[in-house]
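# coords below, sequence missing:
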């Protein structure tokens, strides 16, 4: 199994959710996040005093996937999240040892 | 301020129209103080919003009482050029309901309450420079003493029938000297004593709510018509109407000028710039609006807008922490408005004095304005600094560093302005508070 994590622009959430549902993903976790990449946030001006706002709002989406689906899922997320502008975010995958459905105790792929 | 001298051969009679107008103007001036509270409150960080609101709001309590008890008598009684006194006005206990303000068609009570509103907002203006760091008890004591030994004498100098500046011919229609330079210089004096906020020039201190700032600026603009147009104390000769028009056009010009300045200088038309420009224009037209023409008012506003926008950056250059730019907006705006009378006074408004550009093209009025500005600035700066120093050495002016970092609202008022637990930010926080809440309710039942 793989854990796919995507840190992306908040306003892409709906598109990503719809794309994942169309792909057949049953569940996901969304967290509000903040951070920056190469573009380092933006500048705001208050009475001439300039503030560099480094940490910009992001959302973090986490999805568990079977190994065979992982690569395709990453593609689905990347396609739905992309605006082509700076700050579109990142997607990565990590191996997962175990997953358990809390209600039933099912393990492994059955728990997804 | 209109001269407090009887000019008419015939004794004036009470005018219902002028009295009604002045009662409305007094209410308009009062709303400037909560307006100021929101103007300032939006500019601070979330953790000190309530303290900022309270520093203005408390002035409506303290100064009201002080003014009725002795402030009005000291400011407007006749005694000598430096301070006034009238024992009939002590506590306002011996004033007839229909007794008229000398030379005018409105009751003494109406003039007293109109002036009370000026006395309320002036110390509140100072608070913007002291955001985040002053003990509330020390602030209450400070404004009580400051109003007594700074505001009251200065009001007497500028507006009292026997005040030295008034007799010299210094023009201060509605308070550029007595209110704005006075408060701005006091703010500078106090911050030189109490020092900077923790993290000044290092931590970001962005305004937490620009919508609140805009609401406050809007209320200030609205209330300012009472402040300015009411200062002629009636509507019999059109000067009040001139003042109303000048207030509007100077404010508009200043807002546009500030926005143009910052677009050129910083690349954006900011909301805070629009609100600040409007306030700078209101400040600058306050002393001058009764003396200049509407075109002169546009010039006054535009000059003030650019100058104040440039001035607010000085705190970073000089390293003094005037948190919300009371010096940059009120002191600088007040000085500009007061001095420009020396150039733009037409001789057709509140007095026949003319500026450099009108009449005999003499510099006489400008020198008079300089005398008024310089005296008030120096007196207020020095006395306020001494007052802050004495309070700091006795009861202490500042909250502790820990309290300042964790937020003055919690430390001084035991409250917080906003509850974020419903927005995903305080799930753990609200759970932790639950037992304390239950305990408090239990105690209440026990009692």
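Happy to help now that I have it. Being a predicted model, the structure only gives us computed values, none of them experimental.
# hey, let's count contacts and neighbours off CA atoms from now on
Will do.
# now the longest helix belonging to chain A: how far from the chain's centre is it?
What stands out as the longest helix in chain A, according to DSSP state H, is helix A:67-81. Distance of helix A:67-81 from the chain centroid (CA atoms, centre = their mean, to the nearest Å) equals 11 Å.
# Contacts for it, please.
Identification of contacts with helix A:67-81 by CA atoms under 8 Å, 6 or more residues apart in numbering or on different chains yields A:1-2, A:4, A:6, A:8-9, A:12-13, A:15-16, A:19-20, A:23, A:65, A:88, A:91-93.
# Next, the residues that contact the next helix or strand along the chain from it from outside, please.
Using DSSP states H and E, the helix or strand that follows helix A:67-81 in sequence is strand A:89-95. With contact meaning CA under 8 Å, 6+ apart, strand A:89-95 is reached by A:1-9, A:37, A:70, A:74, A:77-78.
# Chain neighbours aside, what residue packs nearest to the residue of the stretch 51-200 of chain B found nearest chain A?
Closest residue of the stretch 51-200 of chain B to chain A, CA to the nearest CA: residue B:200 (12.2 Å). Leaving aside its sequence neighbours, residue B:200 sits nearest to residue B:321 (CA to CA, 6 or more residues apart in numbering or on different chains; 7.0 Å).
# what does chain A have sitting close to chain B?
A:45-49, A:51 (CA under 8 Å from any CA of the partner chain).
# Quick check: the farthest pair among these?
A:47 and A:51 (10.7 Å; CA to CA).
# ok, the contacts of strand A:89-95 vs residue B:186, which is closest?
residue A:37 (45.8 Å).
# so what does the helix or strand hosting residue B:295 touch, helix or strand wise?
Counting by DSSP H and E, the element that carries residue B:295 is helix B:294-311. In terms of contacts (3 or more CA pairs under 8 Å, 6 or more residues apart in numbering or on different chains; DSSP states H and E), helix B:294-311 is packed against helix B:239-266, helix B:271-288, helix B:332-344.
# I'd like those helices laid out as a markdown table, including mean pLDDT and mean neighbour count.
Converted to a markdown table, the helices and strands packed on helix B:294-311 look like this (pLDDT from 0 to 100; neighbours: other CA atoms under 10 Å in any protein chain shown):
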| stretch | mean pLDDT | mean neighbour count |
| --- | --- | --- |
| helix B:239-266 | 96 | 23 |
| helix B:271-288 | 97 | 30 |
| helix B:332-344 | 97 | 28 |
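# Relative to residue B:420, tell me which of those helices wins on proximity.
helix B:271-288 (24.7 Å).
# And that closest one, what does it pack against?
Secondary elements touching helix B:271-288 (3+ CA pairs under 8 Å, 6+ apart): helix B:210-229, helix B:239-266, helix B:294-311, helix B:332-344.
# Turn the ones you listed into CSV, including distance to residue B:53.
As requested, the helices and strands packed on helix B:271-288 are exported to CSV (distance: least, CA to CA, whole Å):
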stretch, distance to residue B:53
helix B:210-229, 11
helix B:239-266, 24
helix B:294-311, 24
helix B:332-344, 23
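# Those: which one's closest to residue B:366?
Nearest of these (CA to CA): helix B:332-344, 3.8 Å.
# Any idea which residue of the stretch 1-150 of chain B lies closest to chain A?
Closest point on the stretch 1-150 of chain B to chain A, by CA to the nearest CA, is residue B:43, at 9.6 Å.
# can you check chain B too?
residue B:273 (6.1 Å).
# That residue against residue B:43, yeah?
No - applying CA atoms under 8 Å as the test, residue B:273 and residue B:43 come out as separate, 12.0 Å apart.
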